[in-house]
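Quick one, fold the following:
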Amino acid sequence: MLLSISTTYQPATDLGYLLGKHPGRFQSKELPFGNAHVFFPEASDKVCTASLLLELNPVELLKSGSNNFDGGFQLEHFVNDRPYVASSFLTTAISKVFGSALNGNCKERPELAETPIPLVAELPCLPVRGGEAVLRRFFEPLGYEVEATQHPLDEQFPNWGSSAYFSVRLRQNIQLQHLLSHLFVLIPALDHNKHYYMGKEEIEKLLEKGGDWLKQHPEQEFITRRYLKNRGALAKEALSRLVVEDEQAEEEETVDMKERVEKTKLHDIRLRAVVEQLKASGARSVLDLGCGEGKLIRLLMPHGQFDKIRGMDISLRTLQIAQRRLNLSDASPAMKERIALFQGSLTYRDARLDGFDAAALVEVIEHLDEARLDALQKVLFGHARPSTVVITTPNGEYNVLFEGMPEGKFRHSDHRFEWTRSQFRAWCDKVCEAHGYQAEVLPLGDEDETHGAPSQMAVFQRV
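Predicted coordinates for the structure are as follows:
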């Protein structure tokens, strides 16, 4: 089985530093079930490719009982696909051979390890139980461009139909650590099999490698259950711990920021400013993307101008809270027609987002990895294309004015970035140029002469 990772980042041979492997050497590592080899078929300043080739020893597999099959035909332990397909054997090899990169460590280039770079991962034979739709549901919300070719059951007899195996290419500007952690979790989830006994330690692996991004993934529950081979008790515990970690992050924000924003009521200022912009736009149908517990929707409800309001969030638990707080379960049929909530991802094209006059993202974009913002742009500005889009985000320059806030710390533990005013303006300009919008950027909250306002808002109008 083979995994190849390529980059055009220049100098491209820095990929060797990131992986901790010298591009000019063929390196091997003995594993309990075979041998892993790392080599670089191409290594220049412009393009560099690192390949991980895993050779399984069928005899050792049989001795150790590593073929952990759940049923099948009588000789399946002797005749099977395990030596040839990407599976949990490959993810184990990734953790053993590329362990430093998987953990985000790079002694020679520490700053590069934290930098999104153009990466392409290729898997010539990936088993996907559920077909191409499942493959895309797993990877596309993470911002990947996915190319997939399904293998026939038999090359000589194409009429026999297609197999469960795909040749897959994944492309994205992303940190190498994130790419490897996605592969570590999603390969065995797609295969829906593992070569070793499933115990509670698998929950720890899942949370360690997937916790940061899995709690935001629209297929969180599906992936968790597949990764844990539908072991109900294990999946239930893993999902509950993902929710607990999310609640702890929210609680941390409340404790850390309460005193800082108490005097200005910054959150109320944001919401009311967004409502005023939506009213001024003349919109009748509004999307609240990343709606959370429905605070913006509550402010929109009294205004008869808005005859269709939809809230989308990635967290099912948060939507349940919003449903309860907005009293939608007991609402009249007319109110249920006017206001509805649904689960979804901002980085995944969704027909339910089409046809709206306006969309709002209140303190949402900073929760996404910057490398995934391109996917958000395509979904929102490229495909859904509402006439008006209102986006708010923290002004990172203002953080120095919060008493007791350490330098370099973000306002929320889940924030991936907090842009300066110039960074936000540059991003807005990029969106406008690419998708045919014009934008006005406005301050939110009391302005400091040097550092600006605590928050900032962009109002996009489709040209």
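
Provide a complete list of residue ranges assigned to strands in the stretch 1-150 of the chain.
Under the criterion DSSP state E, counting those that start in this stretch, the stretch 1-150 of the chain contains strands at 2-7, 27-31, 34-43, 48-56, 117-127, 145-152.

Turn those into TSV, including mean neighbour count.
Heads up, the C-betas are built off the backbone N, CA and C, glycines and all. As requested, these are exported to TSV (neighbours: other CB atoms under 10 Å):
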stretch	mean neighbour count
strand 2-7	21
strand 27-31	13
strand 34-43	18
strand 48-56	20
strand 117-127	20
strand 145-152	14
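
Adding mean pLDDT and distance to Ala86, write those out as TSV.
Formatted as TSV, the strands of the stretch 1-150 of the chain follow (pLDDT from 0 to 100; distance: least, CB to CB, whole Å):
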stretch	mean pLDDT	distance to Ala86
strand 2-7	95	7
strand 27-31	92	15
strand 34-43	94	13
strand 48-56	93	9
strand 117-127	94	5
strand 145-152	90	13
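
who wins for proximity to Ala375 among those strands?
strand 145-152 (9.0 Å; CB to CB).

relative orientation of the closest one and strand 117-127 in degrees?
Here the directions of strand 145-152 and strand 117-127 differ by 20 degrees (axes from the mean of the first three to the mean of the last three CA atoms, to 10 degrees).

Which neighbours in the sheet does whatever helix or strand comes next after strand 145-152 have, and how are they oriented?
As assigned by DSSP states H and E, the chain's next helix or strand after strand 145-152 is strand 162-174. Using DSSP bridges, strand 162-174 pairs in its sheet with strand 117-127 (antiparallel), strand 145-152 (antiparallel).

Give me the angle between the first one and strand 48-56.
Using the same axes, to 10 degrees, one finds that strand 117-127 and strand 48-56 are set 30 degrees apart in direction.

Between strand 2-7 and strand 117-127, find me the angle.
160 degrees.

Strand 117-127: how far from the chain's middle?
Its chain's average C-alpha position is 17 Å from that of strand 117-127, according to CA atoms, centre = their mean, to the nearest Å.

what does the last one give?
The chain centroid and the centroid of strand 145-152 are separated by 21 Å under CA atoms, centre = their mean.

returning to what we had before: go through the strands of the stretch 1-150 of the chain and name the closest to Lys265.
strand 117-127 (41.1 Å).

Tell me which helix or strand comes right after the lowest-mean-pLDDT helix or strand in the chain.
Ranked by mean pLDDT, DSSP states H and E, the helix or strand of the chain with the weakest confidence is helix 232-262, at a mean of 58. Downstream of helix 232-262, the next assigned helix or strand under DSSP H and E is helix 266-281.

Packing partners of that next one?
Secondary-structure packing of helix 266-281 (3 or more CB pairs under 8 Å, 6 or more residues apart in numbering; DSSP states H and E): helix 295-300, strand 358-362, strand 388-394, strand 437-444, strand 455-462.
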